[in-house]
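[1] sequence and predicted structure below; questions after.
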Amino acid sequence: VISQIVRSPGAYFKDTYDKSIDAHIYNGEITPNRGTWLQFETDSKGVPFVRIDRQRKLIATEFFKALGYDTEDALIKIFGNSDALKLAIDKDQTKNQIEALTDIFTKLKPGEPYTTDGLFGFIASKFFNDKQYDLGRAGRFKYTQKLGLYERMVGVTLAETLDDEATGEIVFPEGHKLTKEDVEHLRDIEYFENGNKAVTLKSNQKLDEHTTVNIVRVYTTSKSGEKVVRNLVGTDTNLTIDRVTVSDMVACFSYFLNVMDGIGNTDDIDHLGNRRLRCVGELLQNQFRIGLSRMERVCLLYTSDAAD
């Protein structure tokens, strides 16, 4: 048995210029140690799409409608007035959560019968099942590090005041351009960990209950040169759960939109900082898990036959 160098679970973003279509193609993804991949990408017109487990493309807003944010106002309230988000909303034909869930199911499992409960169970089993989804020991740390707000805030100009909601003290005023030292100060005082700028999103409790995010509004310059306000949405930095959450997904798509607006950093997946060692113990553990899951299926099959 030989140790392997593999991609570390985490969130990664990429900006590629395609000469053939004279456009930037953006990619973002959430990768687990074990479980379903979630990938965002744009087409040549800048419309954001999502892929679940590298299967058929779906309009990004359709996926978030399936999670419970099924109105245009709800999406804009979370992600802000992003140009790419508006393109996705205009292209999305689904009107509510059930329609979005149905469309996702029929595209990923064409021809299979379904029920309303089965639609919710399908999404829940893909992402929110502790047995099937695992980030590993490094995964949650990487998610918090990348999808939290601190990394994106270096060099941005605040469109609102950052104050300590417990004491009322102003930490940084509106219009202040944050330096690296300012962001380090926010880290030192655990600004977001203490609940500042925290918002609990109303999501479907059948899927996931971890929906707290941090939202900060900042100024940036649009492609036409206008000064515009954009939302930075960060995941809950207090999370310790070993699977993906709704707050992770929302923060990932927000970061994806932010990269399109020139905010945040892209990643080099070949950098050794984004790799990890899969050692002998983990490899044996994976084989042992496969054996136990096969044994479980056989036991369930025999017990069901005996009951009949």
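    Noted; the coordinates are in hand. Keep in mind it's a predicted model, so treat the numbers as computed, not measured.
[2] ends of stretch 230-239, what's the gap?
    Using Cα to Cα, to the nearest Å, the end-to-end distance of stretch 230-239 comes out at 25 Å.
[3] show the average pLDDT along that stretch.
    Averaged across stretch 230-239, pLDDT comes to 93.
[4] contacting residues around it?
    Stretch 230-239 has contacts (Cβ atoms under 8 Å, 6 or more residues apart in numbering) with 78-82, 140, 143-144, 147-150, 152-153, 156, 192-193, 198, 210, 212-220, 245, 247-248, 250-251, 254-255, 257-258, 261, 263. Yep, even glycine has a C-beta here, placed from its N, CA and C like the rest.
[5] PyMOL command for the buried members of the residues you listed?
    The following PyMOL line selects those of the contacts of stretch 230-239 that are buried, judged by 16 or more other Cβ atoms under 10 Å:
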select buried, resi 78+79+80+82+140+143+144+147+148+149+150+152+153+156+192+193+198+210+212+213+214+215+216+218+219+220+245+247+248+250+251+254+255+257+258+261+263
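[6] let's see which of the contacts of stretch 230-239 end up in strands.
    Using DSSP state E, the members of the contacts of stretch 230-239 that fall within strands are Ala198, Thr212, Val213, Asn214, Ile215, Val216, Arg217, Val218, Tyr219, Thr220.
[7] mind checking pLDDT for the second one?
    On pLDDT, Thr212 comes in at 92.
[8] so can I have CSV of the ones in strands among the contacts of stretch 230-239 showing distance to Asn231?
    Formatted as CSV, the ones in strands among the contacts of stretch 230-239 follow (distance: Cβ to Cβ, whole Å):
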residue, distance to Asn231
Ala198, 14
Thr212, 15
Val213, 10
Asn214, 11
Ile215, 6
Val216, 8
Arg217, 6
Val218, 8
Tyr219, 12
Thr220, 11
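[9] count the neighbours of Thr116 for me.
    10 (other Cβ atoms under 10 Å).
[10] burial count for the residue nearest to it when sequence neighbours are not counted?
    For Thr116, ignoring the flanking residues on the chain, the nearest one in space by Cβ to Cβ, 6 or more residues apart in numbering is Ile98 at 6.7 Å. Applying other Cβ under 10 Å, we find 15 residues neighbouring Ile98.
[11] list of residues touching stretch 78-93?
    Contacts of stretch 78-93 (Cβ under 8 Å, 6+ apart): 42, 45-48, 59-62, 65, 69, 72, 75-76, 201, 213, 215, 217, 222-223, 228-231, 233, 250, 253-254, 257, 260-261.
[12] show me how far that stretch is from its chain's centre.
    Taking the mean of its C-alpha atoms, stretch 78-93 sits 16 Å from the chain's own mean (Cα atoms, centre = their mean, to the nearest Å).
[13] same question, stretch 213-221
    17 Å.
[14] again with stretch 221-229
    Chain-centre distance of stretch 221-229: 25 Å, with Cα atoms, centre = their mean.
[15] list the buried ones in that stretch?
    Those would be Val228, for stretch 221-229 by 16+ other Cβ under 10 Å.
[16] can I get it in CSV, CA atoms only?
    What follows is stretch 221-229, C-alpha atoms only, in CSV (Å, rounded to 0.1, in the frame of the first residue of the first chain):
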residue,chain,number,x,y,z
THR,A,221,-16.4,49.2,-10.2
SER,A,222,-18.6,47.7,-12.9
LYS,A,223,-17.5,46.8,-16.4
SER,A,224,-19.0,50.1,-17.6
GLY,A,225,-16.9,52.1,-15.0
GLU,A,226,-19.7,52.9,-12.6
LYS,A,227,-19.4,52.6,-8.9
VAL,A,228,-21.7,49.8,-7.7
VAL,A,229,-22.5,48.0,-4.4
